[in-house]
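In: Mind looking at a prediction? Sequence and model below.
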Amino acid sequence: MQQYENQALTIDSDKAQNGNISWQCPSNIAIIKYWGKYGRQLPRNPSISFTLDNARTSTSLAYKVRTSDATGIQLNFFFEGESNPAFQTKVEKFLSSIIDIFPFLNQLDLTIKSSNSFPHSAGIASSASAMGALALCLCSVEQNLFGTLQDEDEFYKKASYVARLGSGSACRSLYPVMGIWGERESAASSSNLFAIPWEQKVHQVFRSFHDDIMIVSKAEKSVSSRAGHGLMENNVYADLRYQQAKDRFDALLIALKDGDVATFGKIAEDEALTLHALMMASEPSYILMRPNTITMIEKIRAFRNKTGLQVFFSLDAGPNIHLLYPDEIKVAVKEFIQKELAPLCEDGTVIEDQVGSGPRKTA
Ligand code: DP6
């Protein structure tokens, strides 16, 4: 089993240089959902997601070799240009938790600046893009200081491993088009420890898919994903669910390869509704969909039945609708959104996105 604890990654301060790294990392939307985890952030079932394009986090990390005798993580954290104690604490905790992987973090003074391409108040605050960007920055620091991540595949694999420890779904955001996380025979080289790229076996039609996000509510959700995962441990449907996810995963890989949009769409919608059904069947039960989530689902299905156009929905762990459709029908779908869905969104907010080409190193 691949592990990344490495005590050798400590700085010999005579030679080490200060530096500054930045990465942009996109968010993702899972088609087979990760819901339920164990151990050190390991998934109960395989998941696969589209990597998005516009919804991104940009993170810069400046590091100076420490000259004071301060101990532990020394961090100044800024979100959207301002200091943010809540995020600062979260990032400090995360960095402390991966000191076995990057022991040199105790020898640096860090300044991290992070911002999102989408408004923070839009209700899609994404730990996936944030943790993805941070993990990429950390691996670049390692490469700068030690030259140990020269090989590109190794670089992304380690970044995905580290992103996973920050937030499970983040590990899939590091690859163009699609990423797979979780071990499954149908996906060669797949692992519970990191995600793998899944672009090659995806039909052309999916590579330019759209994902427009209907913001049903901008409010912070009442139950976090972390708590939601925890409730799966005592969910009476858990074992059946994990088997169902595996079966759907296998079927989806075939549909993705064949360009079978109808099967893809059926699985995507079934997964979204199953995710929310699991929440409703948790102890205690809870509901993250809002009335307009249901109204939109009904409108989407009615529109599809009436027009025959292949437009489908997904949901993440919140009330917002992700509208998934192929590029060739975008004109008709955008008109449908404007007429029928946008009026049901909070302040009419729709975030247009599509399948993207993965993270970018910007400095
Ligand atoms: C419903 O990755 O946010 O979006 O690992 O606790 O950070 P943590 O959870 P998170 O869970 C994502 C759940 C999901 C499905 C998915 O993206 O696969």
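Out: Yep, that arrived.

In: Need the CA coordinates for the helix or strand hosting residue 21. PDB is fine.
Out: Using DSSP states H and E, residue 21 sits within strand 19-32. In PDB, the C-alpha atoms belonging to strand 19-32 read as follows (Å, rounded to 0.1, in the frame of the first residue of the first chain):
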ATOM      1  CA  GLY A  19       9.600  30.800  -2.500                       C
ATOM      2  CA  ASN A  20       6.100  31.500  -3.700                       C
ATOM      3  CA  ILE A  21       3.700  29.000  -5.500                       C
ATOM      4  CA  SER A  22       0.200  29.400  -6.800                       C
ATOM      5  CA  TRP A  23      -2.300  27.000  -8.200                       C
ATOM      6  CA  GLN A  24      -5.900  27.200  -9.400                       C
ATOM      7  CA  CYS A  25      -8.000  24.100  -8.900                       C
ATOM      8  CA  PRO A  26     -11.500  23.500 -10.100                       C
ATOM      9  CA  SER A  27     -14.400  22.000  -8.200                       C
ATOM     10  CA  ASN A  28     -16.200  18.800  -9.300                       C
ATOM     11  CA  ILE A  29     -19.600  17.200  -9.400                       C
ATOM     12  CA  ALA A  30     -19.800  13.500  -8.500                       C
ATOM     13  CA  ILE A  31     -22.000  11.300 -10.700                       C
ATOM     14  CA  ILE A  32     -21.500   8.300  -8.500                       C
END
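
In: and it with the ligand, contact?
Out: Yes - under the criterion of CB under 6 Å from any ligand atom, strand 19-32 makes contact with the ligand via residue 30. No exception for glycine: its C-beta is placed from N, CA and C like everyone else's.

In: what's the answer for stretch 134-145, then?
Out: No - with CB under 6 Å from any ligand atom as the criterion, the ligand is not reached by stretch 134-145; the gap is at least 12.7 Å.

In: Now do that stretch: everything it contacts.
Out: 9, 11, 16-17, 19, 21-23, 25, 59-61, 63, 91, 94, 98, 102, 104-105, 108, 112, 114, 148-150, 155, 158-160, 162-163, 166, 170, 174, 359, 361 (CB atoms under 8 Å, 6 or more residues apart in numbering).

In: Against residue 168, how distant is the residue nearest to the spatial centre of the chain?
Out: Closest residue to the average C-alpha location of the chain: residue 128 at 3.3 Å, with CA atoms, centre = their mean. Residue 128 is 9 Å from residue 168, where distance means CB to CB, to the nearest Å.

In: Check residue 152 too.
Out: Distance of residue 152 to residue 168, given as CB to CB: 23 Å.

In: neighbour-wise, which of these two wins?
Out: residue 168 (26 against 8; other CB atoms under 10 Å).

In: Could you pull up the contacting residues of that one?
Out: 34, 37, 41, 43, 181, 229.

In: now do the same end-to-end measure for stretch 179-191.
Out: Across its full length, stretch 179-191 reaches 11 Å between end residues, using CA to CA, to the nearest Å.

In: Please enumerate the strands of the stretch 201-350 of the chain.
Out: Using DSSP state E, counting those that start in this stretch, the strands found in the stretch 201-350 of the chain span residues 210-214, 312-315, 321-325, 350-351.
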